[in-house]
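1. Quick check, what structure comes out for this input:
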Amino acid sequence: MTQDQVVELMKGSKSEIEWNTNCNKVKKACGGYPDFWYTAIVLSGIAAETAKKFGGSADITITTL
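-> Have a look, this model is predicted:
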């Protein structure tokens, strides 16, 4: 998958389940997360913007067990 294909796939996620399914598609196609994942998906704000659409967050949270 190209960077543009990955970005469009992830932007199209409509739920957390779909986001996770799409992550698995990317990892399968690329043999893991591609080198551009952090900059293209996380730093660009795509993860945060997409998560907001379904009431989620891309923030890392720490909780006690």
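2. Going along the chain, name the helices of this structure.
-> 3-11, 16-30, 37, 46-53 (DSSP state H).
3. Now the second one: average pLDDT?
-> Put plainly, it is helix 16-30. Average pLDDT, helix 16-30: 97.
4. and it, how far from the chain's centre?
-> Remark: helix 16-30 is offset 8 Å from the chain centroid, using C-alpha atoms, centre = their mean, to the nearest Å.
5. pLDDT below threshold where in this protein?
-> Counting by pLDDT under 70, the chain has no low-confidence residues at all.
6. Tell me which of the helices of the chain sits most buried.
-> helix 37 (a mean of 19; mean count of other C-beta atoms under 10 Å). In this view, the C-beta of every residue, glycine as well, is placed from N, C-alpha and C.
7. so who does G12 touch?
-> By C-beta atoms under 8 Å, 6 or more residues apart in numbering, G12 lies in contact with 18, 22.
8. Kindly provide the distance from it to W19.
-> Relative to W19, G12 is positioned 10 Å away (C-beta to C-beta, to the nearest Å).
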